[in-house]
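Colleague: Below is the structure, and that's it, no one-letter string:
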């Protein structure tokens, strides 16, 4: 039908164009007649022909715009276009919002209040406009070709699909109605009712609901329940063939005993039957995030395993580890005493203290009972169907779905179809082939395209994959659900394919279909990442929603990025996506990803940007690489990347990238021990940021400049800079920079002797870092607050805070924060009168700082260790260390560091009996303290007065 309309419209358009053209061509060729009698009639109809041509052209363009949509057979089309649709979607206000079909750095998020700095601050209630996941492929191709369009795309603009982020397991819903209540809430009104904002439910890792039609397995269930309380049994295992019902029984068991494990009941699909089983580290991370949702976890597997055991220790947790590949995969996931791991696998799991239950086919009464619950009309024929299915639960459910959807089919006809597959001896395969064959061709195509989902997915994801609007996608999913070809979690309404079905669907997928589907999958999850990042940047209640969305879709997002990275050199669309992935959800990724993983993404994106000849993107990815290397304390790599970015940014006159590169260079030089050089870079960045009115970059430059001034001893200037940063950050709703400014102000007040004000400000910093889930910032805030309590002569609180900071730093594998926490602990113990313990902490701080090249931490570790050794009477080594510290501080022009090193050197010299040299060094330190107008100057004066008596 579509092709006929296209041909007719094109023909009418061509004819009308010929009529219009004839009005001027005939006179030009001298064929208008003697008195123009051939032209005059045309003059009157030219306006009409113009209208006809315009309408024809519009029709042609509209039909061409739909040329890549899935073509349905009559049966599927009739169903999808019916007015009854009961799958509830949550949509957003303003149905005419523009789509985000521009690259992330150029998108105008209509639903967010722009804060003028390239990000989005607090504004009106969130309206999700990141609907690029619902674009037609031709629209996206147009964008990737360098022509971003901004118009909404037909029906897809009428509804934003619900994105409910939730649990990770799905049961067969069989013949349940589309809406559990049986009510019709949906599309008859054409989505006129638009809800204000998206609801995000975080149920990641929760137990799936038990099947309402569960039948059989009474003996096995009783056996497992009895084994659980038996001495010497800590693990329950369920083994058996695929489709035998292991997961269903495990879920039933878990719900029955859940009350004994009140801290959490966690479900993890280990994907042991897939070509790429879930890595142990990823499984550990998912479980840890049940308790630490905002944590950025260590990449080192040993550290992650230690954290995993630490988090679970002392808790009562039920852990359902589904689809384990082998014993090795689950061994590292076994929780401490007091927890119950329940493991399902097709393989034999051999572990100490495990009770294993091997499942076989259901017995005949159980199989008949299950069939009668699923499809009561079978009656006595249920026995025949059960035998056809080998009494295997998965095959029984598939058969029930097929027979329900085809009431005209007799059992004998169905049996003949199964026999006709030639696989009757393999019941699940035979039943699955029959169910697939009975689908309409259009629905077959939709189902096999779902093979690209290796994790759970929602309605918008299917809509993006199929290039139809969410309402039609939901209807198609419900048709597949009614045929028992997909699973749906009744609580979360997310979908998945059983691994047996996933393998079969993939085997039916043509190469060109797979290429297109994997591209659409990658494009959709790039948009999901962007959407999660936009939620996170909104802050407040949306911040947690962004994190939840990222965690739930993380496996899909990673798969999308990997596909884009692998295909960069051969596929332009993959190249575009690979280039844009690190920019989508940038600040969220900084929070969640380990720097090493960020580096991998940025390196792939950098290569893609070079292929695309996008110099602006090249500069941006170089800056991201530099920032990641700073987080890893690899300062020379950071400097190299930022210098390349700076050179390129200046070549292309990209002032924002230039400012970002200057800030990156300044930070790298500051940590590497060059605050004077850092100040120059940050001053240049600040000047550019103000010139282009980039307030976020301005806030970063102000804060970094404040740190440099602190190190150089100008505390008054530092205080003014942090105060300016605070005002700018609050003006744009930038919580991260607000926390940074509060930390800087607090430490300035501490250095000026006002520890009470410092504690107040630093408590605010800590509160904000926890609110936004910035764990690295939280470690910094805890260290700052610990230093403030130490300055307030409260070593016990200081020790507690630094211990918390140390735990967070090690959790993140953040060596710089770890060194600072160790130094803080040393100071607290020294103030508490235990220089021996203090010296041990300073030794650890010194070792880490030297290893990572953090000269500032190394310098202060030397000073503090020298002071502790002086108290212990080890003056010779103390003098050696303090001389080294002074030279490091002088080289970096750190006024405060020089002053502290010299005064402690004076104390060591006096302790060793050389008061003359002690007085000389103390006098020099006093001059330096007075430059910065530091409170320590009065202490030096008192000591000098004492020595001169």
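Modeller: Thanks, I have it. Being a predicted model, the structure only gives us computed values, none of them experimental.
Colleague: how about residue 319, phi and psi?
Modeller: Backbone torsions for residue 319, taken as degrees, to the nearest 10, come to phi -120, psi 110.
Colleague: so which helix or strand takes in the nearest residue to it once chain neighbours are set aside?
Modeller: Distances taken as C-beta to C-beta, 6 or more residues apart in numbering place residue 341 nearest to residue 319, at 4.6 Å, with adjacent residues excluded. For glycine as for every other residue, the C-beta is placed from the backbone atoms N, C-alpha and C. Assigned by DSSP states H and E, residue 341 belongs to strand 340-345.
Colleague: That strand - which strands sit beside it in the sheet, and in what orientation?
Modeller: Within its sheet, and counting by DSSP bridges, strand 340-345 is paired with strand 235-239 (parallel), strand 317-324 (parallel).
Colleague: Buried ones in the helix or strand that it is followed by, by neighbour count?
Modeller: As assigned by DSSP H and E, the chain's next helix or strand after strand 340-345 is strand 354-358. For strand 354-358, a neighbour-count test (16 or more other C-beta atoms under 10 Å) marks 354, 355, 356, 357 as buried.
Colleague: same check, this time on stretch 242-256
Modeller: 243, 244, 245, 246, 247, 248, 249, 250, 251, 252, 253, 254.
Colleague: Over to stretch 919-929?
Modeller: 919, 921, 922, 924, 925, 926, 928, 929.
Colleague: out of these, who's nearest residue 207?
Modeller: Closest approach between the buried residues of stretch 919-929 and residue 207, by C-beta to C-beta: residue 929, at 62.1 Å.
Colleague: just to revisit the earlier point, can you add mean neighbour count and distance to residue 479 and give the strands paired with strand 340-345 back as JSON lines?
Modeller: JSON lines is the format used below for those (neighbours: other C-beta atoms under 10 Å; distance: least, C-beta to C-beta, whole Å):
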{"stretch": "strand 235-239", "mean neighbour count": "23", "distance to residue 479": "32"}
{"stretch": "strand 317-324", "mean neighbour count": "24", "distance to residue 479": "27"}
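Colleague: one step back: in helices only, show me the buried residues of stretch 919-929.
Modeller: 919, 921, 922, 924, 925, 926, 928, 929 (DSSP state H).
Colleague: rewinding a little: turn the buried residues of stretch 919-929 into a markdown table, including distance to residue 638 and pLDDT.
Modeller: As requested, the buried residues of stretch 919-929 are exported to a markdown table (distance: C-beta to C-beta, whole Å; pLDDT from 0 to 100):
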| residue | distance to residue 638 | pLDDT |
| --- | --- | --- |
| 919 | 43 | 91 |
| 921 | 35 | 91 |
| 922 | 38 | 91 |
| 924 | 34 | 92 |
| 925 | 33 | 90 |
| 926 | 37 | 91 |
| 928 | 30 | 87 |
| 929 | 32 | 85 |
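Colleague: And those, which is closest to residue 802?
Modeller: residue 929 (25.6 Å).
Colleague: For the closest one, list the residues it contacts.
Modeller: Residues near residue 929 by C-beta atoms under 8 Å, 6 or more residues apart in numbering: 899, 903, 936, 937, 940.
Colleague: so how far is residue 892 from the nearest residue to the first one once chain neighbours are set aside?
Modeller: It stands for residue 899. Excluding its sequence neighbours, the residue lying closest to residue 899 (C-beta to C-beta, 6+ apart) is residue 928, at 3.7 Å. When distance is defined by C-beta to C-beta, to the nearest Å, residue 928 is 14 Å away from residue 892.
Colleague: so how far is residue 423 from the closest residue in space to residue 424 that isn't next to it in sequence?
Modeller: Residue nearest to residue 424 in three dimensions, not counting chain neighbours: residue 430, with 5.3 Å by C-beta to C-beta, 6+ apart. Using C-beta to C-beta, residue 430 is found at 4 Å from residue 423.
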